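Asker: would you be able to build a 3D model of this:
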Amino acid sequence: MSAMSTWDKFKWNLGLTGRLSVSKQKLISSGVKLYICCSDFIDFSEFVRVVKLPDTFTAWFLLVNLHLWMVNVKVSQMGKEGELMKTNMYKAMWNDVERRLNTFKDMTGREKRKSLENYYSDMISSILYYDEGLIGSDKDLANSLWVQLFCMEPNIHVDQLEIMVEYARKQVYHHDQLDPDLIMKTGYVSFLPLLGEKLNLQKAEQDFKKLCEI
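Answerer: Below is the predicted model:
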């Protein structure tokens, strides 16, 4: 499978999806499940502990957004099926973010709307930054992570960036090895651990079983 051509994207935007290798309903479901892989199956507390992300809702959102981008790199190479999954993956994210914001009773409706606007801007800019960082050097990717994930924290230690650069690159490589047909049919992607190179097979199996129950 490959990325959509300009002509295919034009037809897609007109609603002309054409023939799909997997049913539309299955791809929509898989898109939602891809979001779950990026949110529910990632241990946010580990990133707080190891790379010193602040324990805040915004930091959680930025970390989830990073994982969505990693998956986006993969599904963007999966033609119109990948495009449909990507659309519903991000749609699921916004539904979840809005739901979580609504639990913050100390925020006014105006503040929640402003937060959503800011998060949307963060998402758009992060895709551009991370894409440039991925095709560039490790220094370029470190800068992208410093700006987008660490919010230009002035006192960041180089070790924090090194860990995240390695983390991002190994995930993209790992996802490149995954079978696109299985992703389309199951909506499951695994992530390598923050520290280390080997997939935790026990965790992956548990996560997959949870996803199948949804």
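
Asker: please tell me how far the residue nearest to the spatial centre of the chain sits from Tyr120.
Answerer: Among the residues of the chain, the one closest to the centroid is Leu68, at 0.8 Å (CA atoms, centre = their mean). Distance from Leu68 to Tyr120, counting by CB to CB, to the nearest Å: 13 Å. C-beta: built from backbone N, CA, C; applies to glycine.

Asker: same check, this time on Glu153
Answerer: From Glu153 to Tyr120 the distance is 22 Å (CB to CB).

Asker: low-confidence stretches in the protein?
Answerer: 1-18 (pLDDT under 70).

Asker: who's in contact with Val64?
Answerer: Contact analysis of Val64 by CB atoms under 8 Å, 6 or more residues apart in numbering lists Cys38, Ser39, Ile42, Met93.

Asker: try 7 Å this time
Answerer: Contact analysis of Val64 by CB atoms under 7 Å, 6 or more residues apart in numbering lists Cys38, Ser39, Met93.

Asker: the last one sits in which helix or strand?
Answerer: For Met93, the element it lies in under DSSP states H and E is helix 79-101.

Asker: same for the helix or strand harbouring Asp140, what does it pack against?
Answerer: Asp140 belongs to helix 138-148 when elements are defined using DSSP H and E. Judged by 3 or more CB pairs under 7 Å, 6 or more residues apart in numbering; DSSP states H and E, helix 138-148 is in contact with helix 109-135, helix 158-176.

Asker: buried ones in that helix, by neighbour count?
Answerer: Buried residues in helix 138-148, counted by 16 or more other CB atoms under 10 Å: Leu141, Ala142, Asn143, Ser144, Leu145, Trp146, Gln148.

Asker: give me the contact list for it.
Answerer: 62, 125-126, 129-130, 132-134, 152, 156, 161, 164-165, 168.
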